[in-house]
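J.: Here's my sequence, what's the structure:
(one chain, ligands or ions: 2)
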Amino acid sequence: MISISEAISIVKHSSKPLLKETIKRVEKAGGYILFKDVISPINMPPFRQSAMDGYALNLHDNLTYTLIGEVKAGDGHQPTLKKGEAVRIFTGAAVPDSANAVMMQEKVSNTGNSITLEIQANTQQNIRPLGEQVKTGDIALKKGSKLTPAAIGYLISLGITEVSVFKKPNIALVTTGNELIEAGQELTFGKIYESNSKMLLSALYSLKFYDVTLYKVEDNYTKTVETLQTAINDNDLVLITGGISVGDYDFVGKALNELKVQELFYKVKQKPGKPLFYGKKNDTQIFALPGNPAAALSCFYVYVFIALQKLMNRDPEELPRVTAKSVSSFKKKGDRPQFLKAIYNNGTVEILEGQNSSMLQTFALSNALVYAPETFTDIIEGDTIEVILLPV
Ligand SMILES: Nc1nc2c(c(=O)[nH]1)N[C@H]1C(S)=C(S)[C@@H](COP(=O)(O)OP(=O)(O)OC[C@H]3O[C@@H](n4cnc5c(N)ncnc54)[C@H](O)[C@@H]3O)O[C@H]1N2
Ligand code: MOO
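T.: Ligands and ions are numbered 1, 2, ... in the order given. Next up, the predicted model:
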């Protein structure tokens, strides 16, 4: 049995960025990382733009200008202004080539055929130059940039519709167990509703991983081998729940062995999640999470999260940890370090009742996990303790 810190370090060292390219529609590429530089196909702005509602001027030494026309946003015409002439203009409209300043209308009095400025305009005032943001052929966004909402808007503003991005992993979620039936069906005696797959699917979606395939397998050795083989062949990351402990019908460990999955660790000194398995086959990473739902989710946040971040070359590698003052007391049993479901609030933390790894009710109220190391026996109200903040 290895320690939590050893297990974390093995996951960190064994997961590498998935260096595969995929092409995405820009509007669907939020959260992805650019695989290549994006070159701008146009100047932005594509023409000299007015930044104000007002008047475009061909400057001269006098404050009064003759009004000769109008250009609205979207107009394609280009009036020619002689020195001392002006056109009415609006924000976003093309400034005529012959105009060299725009004065906002608040600083102008209009007499009909002419206008008078309160103060003289400076050359190029209130004109957004052609290509001010980016020029045709320049790098608009560099390889490695994250596609934030602003980046999506920027690329679309350049007329770009598709981008090359780092592929996100294809993820398999495999549930095992004869006792599992799908919510919506009648609950017969001895069965329970299968919740791990939807719970982990939701956790993956919230971290923006959408390429997830669900697999279900009964407690049958041959079927477990077949299902895991397909899941491993077709995916970059495989998350299995259940069947990893020592019972006669826990076939996951034996199946992974038959499939020649390289074991990187099995069993971590922690509560919950002792029978956690982590391994690799070729470039596919495999986590066998304990079937107990709260243990599966706790392992997801502490270990699988790291693998996901590393696959995407994202920071931070681990969920944030802070220290907080406990507002509750907790009696720790046994010598395994524990992750405790808790509510963190502004520097304080409340450890909840009901820490059993079969219980999701407590987890459903939590936004944090308290880390109680091996050396702790009891946590007393007022103690300063380490807290992992969950992305909920
Ligand atoms: N003799 C021993 N027995 C057990 C040990 C041990 O060391 N020696 N460890 C216990 C610990 S700790 C855990 S954690 C569990 C892990 O067992 P498995 O990973 O093999 O999981 P299962 O036995 O298949 O299921 C455990 C529990 O979780 C329920 N479950 C499973 N899958 C789902 C699902 N998809 N949705 C909802 N609930 C699920 C299942 O019905 C069981 O109640 O082993 C202990 N035993
Ligand atoms: O490791 Mo188990 O998760 O304590 O029930």
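J.: what mean pLDDT does whichever helix in the chain runs longest have?
T.: When the chain is parsed with DSSP state H, its longest helix is helix 221-234. Here helix 221-234 scores 98 as its mean pLDDT.
J.: what's the answer for stretch 190-200, then?
T.: For stretch 190-200, mean pLDDT rounds to 98.
J.: Give me the residues contacting it.
T.: The contact list for stretch 190-200 (C-beta atoms under 8 Å, 6 or more residues apart in numbering) reads 173, 175, 177, 179-183, 187, 214, 216, 239, 241-242, 289, 291, 293, 296-297, 300, 360. (C-beta placed from N, C-alpha, C; glycine too.)
J.: what's the following helix or strand after the lowest-mean-pLDDT helix or strand in the chain?
T.: Least confident helix or strand of the chain, by mean pLDDT, DSSP states H and E, is strand 378-379 with a mean of 92. For strand 378-379, the following helix or strand on the C-terminal side (DSSP states H and E) is strand 384-389.
J.: follow-up on the earlier one: can you flag which of the contacts of stretch 190-200 belong to strands?
T.: The strands, defined by DSSP state E, take in 173, 175, 180, 181, 214, 216, 239, 241, 289 from those.
J.: How confident was the prediction at the fifth one?
T.: Going back to what we said before, that points to residue 214. As predicted, residue 214 sits at a pLDDT of 98.
J.: just the third one next, same as before
T.: As predicted, residue 180 sits at a pLDDT of 98.
J.: ok, now the last one?
T.: pLDDT for residue 289: 98.
J.: so what's it bridging to?
T.: Going by DSSP bridges, residue 289 is paired in beta bridges with residue 241.
J.: just checking, it touches residue 238?
T.: No - applying C-beta atoms under 8 Å as the test, residue 289 and residue 238 come out as separate, 10.6 Å apart.
J.: ok, back up a step: neighbour count and distance to ligand 1 added to the ones in strands among the contacts of stretch 190-200, as TSV?
T.: Output for those, formatted as TSV (neighbours: other C-beta atoms under 10 Å; distance: C-beta to the nearest ligand atom, whole Å):
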residue	neighbour count	distance to ligand 1
173	24	9
175	23	4
180	21	5
181	15	10
214	15	10
216	15	9
239	28	11
241	30	5
289	29	7
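J.: still on that earlier bit, for the longest helix of the chain, give me every contacting residue.
T.: So helix 221-234 is contacted by 170, 172, 174, 176, 213, 215, 217, 238, 240, 243, 251-252, 254-256, 258-259, 261, 281, 284, 286 (C-beta under 8 Å, 6+ apart).
J.: Put the alpha carbons of it into CSV.
T.: Output of helix 221-234 as CSV, limited to C-alpha atoms (Å, rounded to 0.1, in the frame of the first residue of the first chain):
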residue,chain,number,x,y,z
TYR,A,221,-15.0,-12.3,-15.9
THR,A,222,-15.2,-12.9,-19.7
LYS,A,223,-17.5,-9.9,-20.2
THR,A,224,-15.3,-7.7,-18.0
VAL,A,225,-12.2,-8.6,-20.1
GLU,A,226,-14.1,-7.9,-23.3
THR,A,227,-15.6,-4.6,-22.2
LEU,A,228,-12.3,-3.3,-20.7
GLN,A,229,-10.4,-4.3,-23.9
THR,A,230,-12.8,-2.2,-26.0
ALA,A,231,-12.8,0.7,-23.5
ILE,A,232,-9.0,0.7,-23.4
ASN,A,233,-8.6,0.4,-27.2
ASP,A,234,-11.0,3.2,-28.0
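J.: Can you list the buried residues in it?
T.: Within helix 221-234, the residues scored as buried using 16 or more other C-beta atoms under 10 Å are 224, 225, 227, 228, 231, 232.
J.: And for stretch 155-162?
T.: By neighbour count on 16+ other C-beta under 10 Å, the buried set for stretch 155-162 is 155, 157, 158, 160.
J.: Looks to me like residue 375 is in a strand.
T.: No - counting by DSSP: H, G, I helix; E, B strand; the rest coil, one finds residue 375 to be coil, located in no strand.
J.: Could you export the buried residues of helix 221-234 to CSV, including columns for distance to residue 191?
T.: Below are the buried residues of helix 221-234 laid out as CSV (distance: C-beta to C-beta, whole Å):
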residue, distance to residue 191
224, 19
225, 24
227, 20
228, 23
231, 24
232, 28
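J.: what's around the residue found closest to residue 7 once you drop the neighbours it is linked to in the chain, how many residues?
T.: What sits nearest to residue 7 in space, not counting adjacent residues and going by C-beta to C-beta, 6 or more residues apart in numbering, is residue 268, at 4.7 Å. Residue 268 has 26 neighbours, counted by other C-beta atoms under 10 Å.
J.: quick one, what contacts residue 268?
T.: Applying C-beta under 8 Å, 6+ apart to residue 268 gives the contacts 1, 2, 3, 4, 7, 274, 276.
J.: Likewise for residue 179?
T.: Residue 179 is in contact with 190, 191, 192, counting by C-beta under 8 Å, 6+ apart.
J.: Likewise for residue 140?
T.: Going by C-beta under 8 Å, 6+ apart, residue 140 touches 38, 39, 40, 134, 154, 155, 158, 160.
J.: measure it to residue 50 for me?
T.: 23 Å (C-beta to C-beta, to the nearest Å).
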